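Enquirer: The following comprises the amino acid sequence and a computationally predicted model.
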Amino acid sequence: MDFSLNPLGASAMGNTAWEDPNDRVRRQKKASQLSHAATPGPGGYQQQGSPYGSAAAFQANAQGYNVPSQDQGYFPPVAAPVVQPASTSASTSQSYGYGQESGNMAGLTASFGEMGMDGHAAPAPRRKKDRHAYHQIEAPAGSSQTFNGMPQGPMGTPSQFLNQPLPSPAGPYANQQVTPAMSQFPAQAGTSMQQHQQQRSQQPMGAPASSAQGRVDPEQIPSIPRSRDIPADFYLDHVYPTMEQHLPPPAAIPFVAFDQGNASPKYARLTLNSIPTTSDALATTALPLGLVLQPLARQQEGEQPIPVLDFGDIGPPRCRRCRTYINPFMTFQNGGNKFVCNMCTFPNDVPSEYFAPTDPSGVRVDRLQRPELTLGTVEFMVPKEYWAKPPMPLRWLFLIDVTQEASSRGFLEGFCDGILNALYGSGDDQSEEPGSTTSRIPTGCKVGIVTYDQEVHFYNLASGMEHAQMIVMPDIEDPFVPLSEGLFVDPEKAKTSITSLLTQIPSMFSRVKKPEPALLPALNAVLGALAETGGKIVCSLSTLPTWGPGRLFMRDKNEARDTDAERRLFTTEHPGWRKTGAKMVEAGVGIDFFMAAPSGGYLDIATVGHVSAISGGEIFYYPNFHSPRDLLRMSKEIKHTITRETGYQALMKVRCSNGLQVSGYHGNFTQHTFGADLEYGVIDADKALGVMFSYDGKLDPKLDAHFQSALLYTTASGERRVRCTNVVASVSEGALEAMKFVDQDAVVSIIAKEATARITEKTLKDIRNALTEKTVDVLAGYRKNFSGSHPPGQLVLPENLKEFSMYILGLVKSRAFRGGREPSDRRVHDMRLIRAMGPMELSLYLYPRIYSIHNLDERDGFANENGHLRMPHALRASFSQIEEGGVYVVDNGQICLLWLHAQVSPNLLQDLFGEGFDDLKKLDPFSASLPVLETHLSAQVRNILQYLETTRGSKALTIQLARQGLDGAEFEFARLLYEDRNNEAQSYVDWLVHVHRHIQLEVSYDIPQFGGKAMAN
């Protein structure tokens, strides 16, 4: 059996040489199949001083340091090694409990002969009629109908673009693969993404994957770290133009998007950027047709802010038939008196207030001054008919658990300190830009504080009072709000009373020993306080709520795995909690929970978290909360919750072109009936959802397919707006063209969100089998229909889905779906997390970033000549990459581990942790951050961690030590090595062999696969 990676459209990829970012590690490993008398030096960390001079972007950690030069490396000189037989080379992985699957290599030899990258010339892009979004820009002026002959960005003048090629900030993309309808952008000089890869290459793609012994080299199978590192380097110096290139960058890397009329991939990602005309053609790919939306996603520095447009009392222009909002893909006719909807092709009259004449080519003369006609993402202010209730600035209500468990474990004090830090900062907020919403809540927002145990305590925080006044509500059977004024106050005006109260609460309740919280009555009480205005609740919980109405009991007896009984643990049938959740959504209220289980106890997240899930909120879960270690993380996450962009009282609608229809939604929201608008109590920058589409006809290959999401919401500052996100895709006659423009991250996101939706219908085992079957369907469909003539034994992977198998394996190994024993709280938490994750956060969750820091280049962790941070190359998630004496940062977007080998150099420990810390046992196992030291290594690592903190989702980055042989976190480290055999699942290599065998059955016999079709296309 041969193993082959077949790139579609090899004009971009054929004959390109790749450099594995782990080449250095492999070269060292080939030479290190040996045994040393002393800890060997990995040969990468011989530092000669501290080159801080060029660290412009990440110099804060190094300023003012007088760093002594380091002339000695971290590893003592060792004698010349004695080479041992290859059979002993797996000794390092044996010390950890599982090796490199050496026993399976003989089987792999028979299964995978060799792996290469076959290249085939891409068919020349055929030119279609100029009804596409990607019309011929250099064509005569009158033919550019879709964009009215104008550019896809607010640049230049009409004459510039009608008579010459489009000047673009992304000229280097000209040589990258384009859709058939994208040929209006002629080739420009510069370095393309593929040339960038060639410059980095040291090994040709077609090189055999087998080693000298005839065995497949696991390093030669598709590498997720390499697929991230190469584009990450490229996008440091290039922007992503949203119309010129229709295959977005990987979701896990930072990039600057230039909006040219098609929305940035940060807001919307289509699984297929070229869509087949019929459902039968789509079925041959076995890929889902879907859209991943993250409508309030954060922008990166350098991107154009989303414009806010006000059309007064008439509101934004909309199609009278399908209610689509005005967008760049609508065309104007009859001298500007009519606009034709790009969704349903209905001609609408242009309102007199919006009228502008057109030039002879049909272009509105004011087009370049109209952001709604040139940008893919805009916001419209809306008139009163769009209001559910008068909009006002967001009201925050902190609902604080003051039971005995919260007080005695330090959770209560940490939560109160986190609120203070989020509201007023720690004294370093002066660096924030004026008006920024990332450092404090917007002007006009009000906050309130309520505590609860077996009773509910309200606080009057009126600004005229020096100390807050407590009002106890003991009637938890019929909760009510005991005060009409003073509950919600301006945090700046009432800073004294708020600070005094939050400082006193921990000591005030330390003497009150009430162990059982009455959470549901407390929620109903504060819901009454927010019912008229809407708002956001931030609630803490440290123990199972077993008091009063809505009391819960221990349901998880750690029994019955993969049964219907286990499935019931993942949802709630409690009528009280369901009713409260529905009332929250109706009132425009959402809730974020901060849940801590100090002793690893059961919290019934399935029931408690239900109100958060259906209202659009989030759960921050600390399964083994420890006061010194987790306080920093909780403080950061409370601040992030309050300062991220947040809207409330939200409704969402997704529209698509004729021939397509919405078939389903996957996410954390409420939808009363199919086809109704999605309802959110709150929605924020970290929340995403998946939208599935099906065919209700045949698409016209002469037209493009269009999608628009409209989010109607009230901003935290109190404005009622609609955020419109517009996406376009070309339409192809067959599925071969569609396979060239598959967005791997979107496909994985849709499949993962759909899998979580099936958790109430199927057992975990059935879902894992369905994920395997889906992987086989996709790869077998490609093998049968699109891969050309290849030997029957080859495993042929689509170019844009090379890492798809590894991502699905990561999903199978995740806490949500893995086999074996896993507390139901952990499973439910991760399932709801996946359902609301954006593509970036999900990519990291399914495959972590791993960096070795014991052999950093002296330039790593500092700014390069262009001011960008130079990052080391990431490593594969396998213990085979781990070096003796090494130190590694492992980050999956949820937790960041600092793993230290038992034989780590004392010099390295002192450079990282300070004088006197020359032994692993001397380190504080509960430390959450690195000390600020005047050493080169300390500055490097802290800069790298700071970078990682900017490219993640909602969870804060704090380190957790995992010392080999000493800390329990080492088990988490082992779990995250997804390429190894763990989590009750196969290794990456064995998984590919398993998948390939079933693909062979499909290709050879063309018979139905094992099992039933468990997941829809």
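Expert: Now that the structure is in, tell me what you want to look at. Residues are numbered from 1 along each chain as shown.

Enquirer: Surely Pro307 touches Met381?
Expert: No: assessed by CB atoms under 8 Å, Pro307 is found out of contact with Met381, at 11.0 Å. In short, each C-beta sits where N, CA and C put it, glycine included.

Enquirer: can you point me to the longest helix in the protein?
Expert: In the chain, assigned by DSSP state H, the helix with the most residues is helix 764-785.

Enquirer: Check the offset of that one from the chain's centre.
Expert: A distance of 23 Å separates the centroid of the chain from that of helix 764-785, by CA atoms, centre = their mean, to the nearest Å.

Enquirer: mind checking which helix or strand of the chain has the lowest mean pLDDT?
Expert: helix 158-163 (a mean of 29; mean pLDDT, DSSP states H and E).

Enquirer: Pull out the buried residues from the longest helix of the chain.
Expert: 764, 766-783 (16 or more other CB atoms under 10 Å).

Enquirer: packing partners for it?
Expert: helix 735-739, helix 744-757, strand 795-798, helix 804-813, helix 988-1005 (3 or more CB pairs under 8 Å, 6 or more residues apart in numbering; DSSP states H and E).

Enquirer: What segments of the stretch 601-750 of the chain are helices?
Expert: 605-608, 610-614, 627-643, 735-739, 744-757 (DSSP state H, counting those that start in this stretch).

Enquirer: tell me what the longest one is packed against?
Expert: In other words, helix 627-643. Against helix 627-643 (3+ CB pairs under 8 Å, 6+ apart) you get helix 411-424, strand 535-541, strand 589-596, strand 619-622.

Enquirer: average model confidence for it?
Expert: In this model, helix 627-643 has an average pLDDT of 93.

Enquirer: what's the answer for stretch 730-744, then?
Expert: On average, stretch 730-744 scores 92.

Enquirer: end to end, how far does that stretch reach?
Expert: 17 Å (CA to CA, to the nearest Å).

Enquirer: just to revisit the earlier point, may I see the helices and strands packed on helix 764-785 organised as a markdown table, with distance to Pro316 added?
Expert: Shown next, in a markdown table, are these (distance: least, CB to CB, whole Å):
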| stretch | distance to Pro316 |
| --- | --- |
| helix 735-739 | 33 |
| helix 744-757 | 28 |
| strand 795-798 | 40 |
| helix 804-813 | 38 |
| helix 988-1005 | 48 |
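
Enquirer: These: which one's closest to Glu466?
Expert: helix 744-757 (49.5 Å; CB to CB).

Enquirer: Now do the closest one against helix 764-785, angle only.
Expert: Angle, helix 744-757 to helix 764-785, by axes from the mean of the first three to the mean of the last three CA atoms, to 10 degrees: 150 degrees.

Enquirer: so how far is helix 744-757 off the chain centroid?
Expert: 12 Å.

Enquirer: packing partners for it?
Expert: strand 268-270, strand 290-293, strand 660-666, strand 689-695, helix 764-785, helix 804-813, helix 824-836, helix 839-846.

Enquirer: list the buried ones in it?
Expert: 744-757.

Enquirer: just stretch 936-954 next, same as before
Expert: 936-948, 951-954.

Enquirer: any weak-confidence spans in this structure?
Expert: 1-217, 426-439, 560, 562, 1005-1017 (pLDDT under 70).

Enquirer: Who are the packing partners of the longest strand along it?
Expert: Ranked by residue count under DSSP state E, the longest strand found in the chain is strand 720-732. If you count contacts as 3+ CB pairs under 8 Å, 6+ apart, strand 720-732 packs onto strand 268-270, strand 274-276, strand 377-381, strand 705-715.

Enquirer: Can you tell me which of those strands is nearest to Lys514?
Expert: strand 705-715 (37.0 Å).

Enquirer: Strand partners (parallel or antiparallel) of the closest one?
Expert: Here strand 705-715 has these sheet partners by DSSP bridges: strand 646-656 (antiparallel), strand 720-732 (antiparallel).

Enquirer: Could you figure out how far the last one is turned away from strand 377-381?
Expert: I take that to be strand 720-732. Using the same axes, to 10 degrees: strand 720-732 against strand 377-381 is 150 degrees.

Enquirer: now the helices: where do they sit in the stretch 301-450 of the chain?
Expert: When assigned using DSSP H, counting those that start in this stretch, the helices of the stretch 301-450 of the chain occupy the ranges 404-408, 411-424.

Enquirer: for those helices, which one sits closest to His994?
Expert: Using CB to CB, the helices of the stretch 301-450 of the chain put helix 411-424 closest to His994, at 44.1 Å.

Enquirer: which strands and helices sit next to the closest one?
Expert: Against helix 411-424 (3+ CB pairs under 8 Å, 6+ apart) you get strand 395-401, helix 404-408, helix 495-510, strand 535-541, helix 627-643.

Enquirer: Just tell me which of those ends up closest to Thr673.
Expert: Comparing the helices and strands packed on helix 411-424 by CB to CB, strand 535-541 comes nearest, at 26.4 Å.

Enquirer: hmm, back to that, let me have the helices of the stretch 601-750 of the chain in TSV, extended by distance to Leu833.
Expert: Output for the helices of the stretch 601-750 of the chain, formatted as TSV (distance: least, CB to CB, whole Å):
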stretch	distance to Leu833
helix 605-608	11
helix 610-614	10
helix 627-643	13
helix 735-739	30
helix 744-757	9
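
Enquirer: Out of those helices, the one nearest Lys514 is which?
Expert: helix 605-608 (18.5 Å).

Enquirer: What is that closest one packed up against?
Expert: Using 3+ CB pairs under 8 Å, 6+ apart: helix 605-608 touches strand 589-596, helix 824-836.

Enquirer: again, only using 10 Å
Expert: Identification of packing neighbours for helix 605-608 by 3 or more CB pairs under 10 Å, 6 or more residues apart in numbering; DSSP states H and E yields helix 519-530, strand 535-541, helix 575-587, strand 589-596, helix 610-614, strand 619-622, helix 824-836.

Enquirer: Check the offset of the first one from the chain's centre.
Expert: Just to be clear, that refers to helix 519-530. Centre to centre, stretch against its chain (CA atoms, centre = their mean), the figure for helix 519-530 is 32 Å.

Enquirer: now do the last one
Expert: Here helix 824-836 is found 15 Å from its chain centre; the criterion is CA atoms, centre = their mean.

Enquirer: same question, stretch 401-416
Expert: 31 Å.

Enquirer: and that stretch, which residues are buried?
Expert: 401-407, 409-416.

Enquirer: Could you do stretch 511-522 as well?
Expert: 514, 516-522.

Enquirer: looking at the helices and strands packed on helix 744-757, which is closest to Cys344?
Expert: Per CB to CB, nearest to Cys344 of the helices and strands packed on helix 744-757: strand 660-666, 11.4 Å.

Enquirer: burial measure for Leu930, as a count.
Expert: 17 (other CB atoms under 10 Å).

Enquirer: for Lys493, that is, sorry about that
Expert: Applying other CB under 10 Å, I find that Lys493 has 14 neighbouring residues.

Enquirer: Before we go further, it is sitting in a strand, right?
Expert: No: read with DSSP: H, G, I helix; E, B strand; the rest coil, Lys493 is coil and lies in no strand.

Enquirer: Remind me which helix or strand the nearest residue to it once chain neighbours are set aside belongs to.
Expert: Closest residue to Lys493 apart from its sequence neighbours, by CB to CB, 6 or more residues apart in numbering: Ser463 at 4.3 Å. According to DSSP states H and E, Ser463 maps onto no helix or strand at all.

Enquirer: coming back round to it: okay, the helices and strands packed on helix 744-757 in CSV with distance to Ile882 next?
Expert: Listed next are these as CSV, based on distance: least, CB to CB, whole Å:
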stretch, distance to Ile882
strand 268-270, 34
strand 290-293, 34
strand 660-666, 37
strand 689-695, 36
helix 764-785, 28
helix 804-813, 18
helix 824-836, 26
helix 839-846, 20
